[in-house]
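J.: structure, please.
(2 chains)
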Protein chains: 2
Amino acid sequence: MLIEVDMQHVSRFLGKQELAAMAPQVQSAHEQLHTGAGLGSEFTGWLDLPIRYDREEFARIQAAAARIQADSDILIVIGIGGSYLGARAAVEFLHSDAYNALPKSTPDIYFAGNTLSPSALAELVLLCKGKRVSLNMISKSGTTTEPAVAFRVLKEMLEEQCGKEEARRRIICTTDRCKGTLKQLADREGYETFVVPDDVGGRYSVLTAVGLLPIAVSGADISALMEGAVWARETYRHADVQANACYQYAAVRNLLYRKGKEIELLVSYEPRFAMMSEWWKQLYGESEGKDQKGIFPASAVFSTDLHSMGQYIQDGRRHLFETIVLVEKPAREITLAEEQEDIDGLNFLAGKTLSYVNHRAFEGTALAHEDGGVPSLVIRVEDFSERSLGALIYFFEKACAVSGYLLGVNPFDQPGVESYKKNMFALLGKPGYETQRQALQARLQKNCVPAKPADG
Amino acid sequence: MLIEVDMQHVSRFLGKQELAAMAPQVQSAHEQLHTGAGLGSEFTGWLDLPIRYDREEFARIQAAAARIQADSDILIVIGIGGSYLGARAAVEFLHSDAYNALPKSTPDIYFAGNTLSPSALAELVLLCKGKRVSLNMISKSGTTTEPAVAFRVLKEMLEEQCGKEEARRRIICTTDRCKGTLKQLADREGYETFVVPDDVGGRYSVLTAVGLLPIAVSGADISALMEGAVWARETYRHADVQANACYQYAAVRNLLYRKGKEIELLVSYEPRFAMMSEWWKQLYGESEGKDQKGIFPASAVFSTDLHSMGQYIQDGRRHLFETIVLVEKPAREITLAEEQEDIDGLNFLAGKTLSYVNHRAFEGTALAHEDGGVPSLVIRVEDFSERSLGALIYFFEKACAVSGYLLGVNPFDQPGVESYKKNMFALLGKPGYETQRQALQARLQKNCVPAKPADG
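T.: Presented below is the predicted three-dimensional model:
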């Protein structure tokens, strides 16, 4: 089994028939998803993606990755939200959160265009000095401010480094199949392009070219990644919650939410999982956080954060539950040695592996938190392989869709993301936003005067 | 002003007299803190630390830092919780979250002993191959499992690399003044030692040797850091909430909590602030998360996370507020150029700096979130200098203490952190925990059988 869901630390918090009572709702959610009758069904292309992706494009992705591996020291992936989180999460899960720092034969991979920080962009330019760089610009439209700004700056850097002609060969665009600013530019300049499908939203796009190209550049086996997703698609096909661990996760988190557990903490015991948690936060937060409802997604790495958030989790306000992703087989192992003199008192661990110790920390913590009133769902994952990752991605995606229908929202839209953009465009003086601009500036000025308190 | 608190995006959510009504409670909290009558007063040594720290030790820290800069490629800081978060946060705030990757004349700084992950430790050993390494082991007792395990492994690595004699010169211990395992070992082996004071808890220790040595190794000016703290100590000395911005932050977050805003999201617009948020999470989560109450601390970097958590914040469950740390002057700047052809439609930004764009993103977002029902407190910080950082650290520390008293807890203990440790020791078979071990193992086995659902 690549994935198992373990309820032993949550069952105390559920009535005996509570999960069974959810079966009809889950059945209905399943049907909404699979028949296309549910809200947002135009964005469910990810559901069958593992078995019906474009093989020709897949081969081109592998060829492009091999070329970048051969001719580049650094790949910069330019994208924001779903256009970088999945790729970055996968690279760290499969290799290390210290991937760039470790000795290796594949290029360093940096992520840009996900911030407006001038320091972050300027530092990246510094890092590229004297290096052979390739760019992967990822944007459905090409006009999203953050990646568009970074692309302007980094394209200029690249052209200065190696000339316009060579730069053209080193820029790859992942964008709309036929329309939009970026597609237009790519066609004119002769950049190689890959497709962001129309029926797969950004947060569900990691198994499309959006995620696959950077993941392949890191040296990971993207065919095995897709195989893992195929396994999950097959394994989690049943409508019956009792026979579908993926739906059990969706149902139990909704049950806990309905009894006041409004924060879900995604916990792992490996630092290389931290970016997977960030990917998960977008997936769940953006799918469910609407209409004034939804579980607030947060994350932690244990035992690290037991020494920062541990006190709160153990004894603070009882409005949270944990979902623990426990990877059974570590990526690397260390065995503890006996010391002649047992000055730190650790000789009782001699001969034990560090992952043995880590797993006892997990067990001890789950029991302690259970006693403190915090339920923990445990998702056991076989190892840090591509197959396991593909399965886990699909598991979380499908659970998220069903969970959103159980909550009663459209799991595939994100209307709230536009609000800040509109205000920002107006305040930046973008043509067409003149009226809003005046209104917003007036609010900022009016706000400022009476409310600002004496300081110091 | 190094720091200003700006209430313009929160005032709509507060009654006209609400802050004034808090004045007596704030006055009382202030007195509890300053007279030593409050709970946990034995741990308030941080309060006067900026003016009465040990000058002789401070000079030794600077000398040790200079030595490490001269003879090491890598400094590994071994510590967990307060023994690494402050130092790591400061190094990233003052230099960059990409500090290690950037070209520089100071050593790389890695943090170990804050996890039980075998992969993370094994990768660090790989990174050190062929490098000149120094170790800073930070532990009050020397027996905390995570750093003690890492110290065993890394000390052995160091001794193999350069021999026992040279290793002795390359190990520095920050520990108790006179007692404990680590102090004992350091004295016997002749390691240089620095002091973790008795009256300063881990999460308040960044301005002691715990934080100062690694920060100094990064090339930062630790005298200026202390000067900033002196400024804040002086600026935030008033008992009257109307005259004390630090207490306004404490009061307003308690007011919002009392009306159902149970999650505080610490937001910044610079990736290099992300670790400061982690430091802040420990400070507030561990100080306030007890007796089944307390605000849940979370964090985000905007505009990055507006493309993951933005939907939830704009439209999700209305149980959260934001505290935005806005640094006015960026560490580096980029000016956007005009392009001949305005294909991405960004030419309206030509001649503008990226920090100008970033600030409009802040304004637009704060207004949008206000409209969505999310109050934002804004803490304006002058720049990324040592002085500003010292002031900000002290600001957050003092606000935290007063906030804890307003909530009605002891802001200086952390009884809940022991729960997982006891269970872990028992499950690991540590001598003395035999009875608990049997009970816990029985629970794990019993839990497993009936609750585990059919899978797949």
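
J.: low-confidence regions, the stretch 351-456 of chain A specifically.
T.: Scanning the stretch 351-456 of chain A for pLDDT under 70 picks out the ranges A:448-456.

J.: and if we set it to 90?
T.: A:445-456 (pLDDT under 90).

J.: all helices for it, in order.
T.: Secondary structure of the stretch 351-456 of chain A (DSSP state H, counting those that start in this stretch): helices located at A:354-371, A:386-407, A:418-428, A:434-451.

J.: list the contacts of residue A:211.
T.: Contact partners of residue A:211, counting by C-beta atoms under 8 Å, 6 or more residues apart in numbering or on different chains, are A:86-87, A:90, A:205. For the C-beta atoms, the positions are set from N, CA and C on the backbone; glycine is no exception.

J.: ok, residue A:159 next?
T.: In this structure, residue A:159 makes contact with residue A:167, judged by C-beta under 8 Å, 6+ apart.

J.: kindly recompute the last result at 10 Å.
T.: Applying C-beta atoms under 10 Å, 6 or more residues apart in numbering or on different chains, we find residue A:159 in contact with A:165-168, A:170-171.

J.: just residue A:114 next, same as before
T.: Residue A:114 sits next to A:77-81, A:83-85, A:88, A:120, A:146-147, A:150, B:271, B:301, B:303-305, B:307-308 when contact means C-beta under 10 Å, 6+ apart.

J.: what residue, apart from its backbone neighbours, is nearest it spatially?
T.: Spatial nearest neighbour of residue A:114, excluding adjacent residues (C-beta to C-beta, 6 or more residues apart in numbering or on different chains): residue A:80 at 4.3 Å.

J.: torsion angles phi and psi at the one you found?
T.: Note on residue A:80: backbone dihedrals following degrees, to the nearest 10 are phi -130, psi 150.

J.: likewise for residue A:181?
T.: Dihedral angles (degrees, to the nearest 10) for residue A:181: phi -60, psi -50.

J.: find the closest residue to chain B in the stretch 1-150 of chain A.
T.: residue A:81 (3.0 Å; C-beta to the nearest C-beta).

J.: how many neighbours does the nearest residue to that residue once chain neighbours are set aside have?
T.: Spatially, and ignoring its direct neighbours in sequence, residue A:81 is nearest to residue B:307 (3.0 Å; C-beta to C-beta, 6+ apart). By other C-beta atoms under 10 Å in any protein chain shown, the residues close to residue B:307 number 26.

J.: next: the one 10 residues further on.
T.: A total of 20 residues lie near residue B:317 under the criterion other C-beta under 10 Å.

J.: please report how far it lies from chain A.
T.: 5 Å (C-beta to the nearest C-beta, to the nearest Å).

J.: surely that residue and residue A:289 touch.
T.: Yes - at 7.3 Å, residue B:317 counts as touching residue A:289 under the criterion of C-beta atoms under 10 Å.

J.: between these two, what contacts are shared?
T.: Common contacts of residue B:317 and residue A:289 (C-beta under 10 Å, 6+ apart): A:295-296.

J.: re the thing from before, show me the contacts of residue A:159 that map onto helices.
T.: A:165-168, A:170 (DSSP state H).

J.: would you list those residues in CSV and tack on pLDDT?
T.: Formatted as CSV, these follow (pLDDT from 0 to 100):
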residue, pLDDT
A:165, 97
A:166, 97
A:167, 98
A:168, 97
A:170, 98
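
J.: which pair of the residues you listed spans the longest distance?
T.: Largest separation among these by C-beta to C-beta: A:165 and A:170, giving 10.1 Å.

J.: most packed of the helices of the stretch 351-456 of chain A?
T.: helix A:386-407 (a mean of 25; mean count of other C-beta atoms under 10 Å in any protein chain shown).

J.: okay, that helix in CSV with CA atoms only?
T.: Provided in CSV are the C-alpha atoms of helix A:386-407 (Å, rounded to 0.1, in the frame of the first residue of the first chain):
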residue,chain,number,x,y,z
GLU,A,386,8.0,9.3,-7.0
ARG,A,387,5.2,6.6,-6.9
SER,A,388,4.3,7.4,-3.4
LEU,A,389,4.3,11.2,-4.1
GLY,A,390,2.1,10.7,-7.2
ALA,A,391,-0.4,8.7,-5.1
LEU,A,392,-0.3,11.3,-2.3
ILE,A,393,-1.0,14.2,-4.6
TYR,A,394,-4.0,12.5,-6.2
PHE,A,395,-5.2,11.4,-2.7
PHE,A,396,-5.2,15.0,-1.5
GLU,A,397,-6.7,16.4,-4.7
LYS,A,398,-9.6,14.0,-4.7
ALA,A,399,-10.3,14.3,-1.0
CYS,A,400,-10.3,18.0,-1.4
ALA,A,401,-12.9,18.0,-4.1
VAL,A,402,-15.2,15.7,-2.1
SER,A,403,-14.6,17.7,1.0
GLY,A,404,-15.6,20.9,-0.7
TYR,A,405,-18.9,19.4,-1.8
LEU,A,406,-19.5,18.1,1.7
LEU,A,407,-18.9,21.6,3.0
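
J.: can whichever strand or helix holds residue A:182 be found next to chain B?
T.: Element membership for residue A:182 (DSSP states H and E) is helix A:181-189. Yes - with C-beta under 10 Å from any C-beta of the partner chain as the criterion, chain B is reached by helix A:181-189 at A:181-182, A:184-185, A:188.
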